[in-house]
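[1] this one's sequence-less:
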């Protein structure tokens, strides 16, 4: 939005909707410094998506939060226990 967009589709919104709406609201209000601080925090989730598998991260993240949505559709693998722990750590840190 800083360069003129009006919105975005973001994987993190599936797992941290409150923070994602906050980021959107900060951008709409042109509070760029605060938006960038929040975006940097949320970026850890994007890094997990890139390191592992977007669908698997989202599904594991939802399960961690109590929403059992099952594993990703083949051929995408589910996260390993260590990968799931990494996503859990990021979610815990994001509150």
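    Arrived safely. Since we're looking at a predicted model, the values are computed, not measured.
[2] neighbours around residue 58, how many?
    Neighbour count of residue 58, defined by other CB atoms under 10 Å: 20. In this view, the C-beta of every residue, glycine as well, is placed from N, C-alpha and C.
[3] Now the helix or strand harbouring it: buried residues?
    Per DSSP states H and E, residue 58 falls inside helix 54-64. Using 16 or more other CB atoms under 10 Å as the test for burial, helix 54-64 gives 55-61, 63.
[4] Also stretch 35-45?
    Buried, per 16+ other CB under 10 Å, within stretch 35-45: 35, 38-39, 41-42, 44-45.
[5] List of residues touching that stretch?
    1-2, 11-12, 15-16, 19-20, 22-23, 26-27, 57, 90-91, 93-94 (CB atoms under 8 Å, 6 or more residues apart in numbering).
[6] mind running it again at 6 Å?
    12, 23, 26-27, 90 (CB atoms under 6 Å, 6 or more residues apart in numbering).
[7] Sitting in strands, which of those residues do you find?
    Nothing among the contacts of stretch 35-45 maps onto strands, per DSSP state E.
[8] and these, which of them are in helices?
    Among the contacts of stretch 35-45, the members found in helices (DSSP state H) are 12, 23, 26-27, 90.
[9] Buried members of these into PyMOL, please.
    Selection command for PyMOL covering only the buried members of the ones in helices among the contacts of stretch 35-45, criterion 16+ other CB under 10 Å:
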select buried, resi 12+23+26+27+90
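[10] Identify the farthest-apart pair in the ones in helices among the contacts of stretch 35-45.
    Maximum pairwise distance among the ones in helices among the contacts of stretch 35-45 (CB to CB): 21.8 Å, between 27 and 90.
[11] and the residue nearest the centre of the chain, what does it touch?
    The structure's the chain has its C-alpha centroid closest to residue 12; by CA atoms, centre = their mean the separation is 2.2 Å. Residues counted as contacts of residue 12 (CB under 6 Å, 6+ apart) are 20, 42, 45.
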